[in-house]
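J.: coordinates only, no sequence provided:
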């Protein structure tokens, strides 16, 4: 995206996807180019995921435009907790208050069953 902008005056419409995830012409190009949210550059998500079997982790994200209600948050949290599977759940800052009491503490006990994060490098994770 930066290279294109240096060549021509452009405006991006819709999501941008880097070369690494499209045609792999530039494998080091993993940058989205823009983001509505502060990206968490912490690599703990991918490190945690690397320790799990391929296809064994549920990824839950409703996007940046959806805001779930408290009852919906509780139902999803309950389902993930009893699912007996590892998960990554992207929970926006505005949704955090809807998480059940002690949910974050419960999922990190023992073998760290799940992660609840405010931002996730979706293309790398999927």
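T.: Sure thing, it's come through. Since the structure is predicted, the reported quantities are computational estimates derived from the model, not experimental observations.
J.: tally of neighbours for residue 57?
T.: Residues contacting residue 57 under the criterion other C-beta atoms under 10 Å number 16. The C-beta positions use only the backbone N, C-alpha and C, and glycine is treated the same way.
J.: looking at it, it is touching residue 86, isn't it?
T.: Yes - with contact defined as C-beta atoms under 8 Å, residue 57 counts as touching residue 86 (4.6 Å).
J.: that's a helix at residue 105, yeah?
T.: Yes - per DSSP: H, G, I helix; E, B strand; the rest coil, residue 105 lies within a helix segment.
J.: let me know the next secondary structure element after the helix or strand of the chain with the lowest mean pLDDT.
T.: Lowest on mean pLDDT, DSSP states H and E among the helices and strands of the chain sits helix 19-22, with a mean of 63. Sequence-wise, the next helix or strand downstream of helix 19-22 (DSSP states H and E) is helix 44-50.
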